[in-house]
Structure formats: C-alpha cells, structure tokens
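S.K.: here is my input, please return the structure:
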Amino acid sequence: MDIQRLQTAVFDKTGIRLDRTDPVFALVALNEIVVADLLAGAQEQWAHNNADLDAKIGALVKINEQILAGSKDLAARVDQAQLAAAMKAVAEAKAEIFKAARDAVTVEVSKASGIISEGAAQLAAERKKARSSSWGLAIVQAIISGIVGALVVLAAMYLR
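M.R.: The predicted structure is shown next:
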C-alpha cells in the first residue's frame, strides 16, 4: 500500500490532510488483506473448477469417441444388411430368369419335336406312296430321332 499516494489522492479530492498514523490507513490495510484473501480463495476455486471442467471435458471426449465408434459399427452393419438384401434379391431374380428360360426351352423343344414328328409322319406317308425301300425310311427316322435327342441334350446343358 502506497500511503503517500493515498494521502495525496484524499487531499486532492476532499482537501483533508491525513497523517501517516491515521487509523483510516489501518482500515485500508485491513481491506487490502481481506481482498487479497478473497482473491486467493477465488483463484483456488477457479483452479479447482478448471480441473473439474478438464476432467468432464475429457470424459465427454471419450464418450464422443465411443459414439463415433458405435456409429461406424452401426453403419457397417447397415451396409452388410443392405448387401445381404441385395444379394437375396439377385438370387431370386436369377432363379426366376432360369425358370423362365427352362420353360421357354421346354416349349420350343416340344414345338420342334412336334414338327419333327409331323415331318416323320409325312415322310412315312410319302414312303408308302413311293413304295421305296424300307432302309431309306429307317435311316431318315434315325436321323430325325438323333436330331430330337441332340436338341434335348443341348437344352439340358444350356439350362445348367
């Protein structure tokens, strides 16, 4: 405490001269001590509060890291679920396509078989008309049967 400065300030403002031993300076000194003690206590409380705040911020950072890790895991699980659903849909579509292809080939083989049978019947009728050798008819029938068999085998191989 600068007593000289305080004496000058009081005199300048009020015109009253204070002596160095004036009891008012004891009150000023007491006031300084009380204020210093209050400031020291406040600084200790601020330091404690800052340490507590730092600990809470650290805990929040850890919680945030856990939330981020959990969200990444959740996103990976969602991606896996979507992939599984897409793969299932692809498998179902593939099965439907193969079934439709088998059905279409079956219909076409049936049509071809009917046409070939009809042709064989016409050929047999023509043979009777022409009265040609039975060997010729047998050869033609064998060729037609071979063609039908080959068509069935090719259709079965294609559908696998």
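S.K.: shaky segments in the chain?
M.R.: Scanning the chain for pLDDT under 70 picks out 127, 129-137, 160.
S.K.: those helices in it, which residues are they?
M.R.: 3-14, 23-130, 134-158 (DSSP state H).
S.K.: in the last one, what's buried?
M.R.: If I follow you right, that is helix 134-158. 137, 144, 148, 151, 155 (16 or more other CB atoms under 10 Å). C-betas here are computed from N, CA, C, even on glycine.
S.K.: go on, the shortest one?
M.R.: Taking 16+ other CB under 10 Å as the basis for neighbour counts, the residues of helix 3-14 that come out buried are residue 7.
S.K.: quick one, it and helix 23-130 angle?
M.R.: 90 degrees (axes from the mean of the first three to the mean of the last three CA atoms, to 10 degrees).
S.K.: name the helices or strands packed onto helix 3-14?
M.R.: helix 23-130 (3 or more CB pairs under 8 Å, 6 or more residues apart in numbering; DSSP states H and E).
S.K.: equivalent analysis for the second one, please.
M.R.: Contacts defined by 3+ CB pairs under 8 Å, 6+ apart place helix 23-130 against helix 3-14, helix 134-158.
S.K.: switch those helices over to CSV; also include distance to residue 56.
M.R.: Formatted as CSV, those follow (distance: least, CB to CB, whole Å):
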stretch, distance to residue 56
helix 3-14, 45
helix 134-158, 71
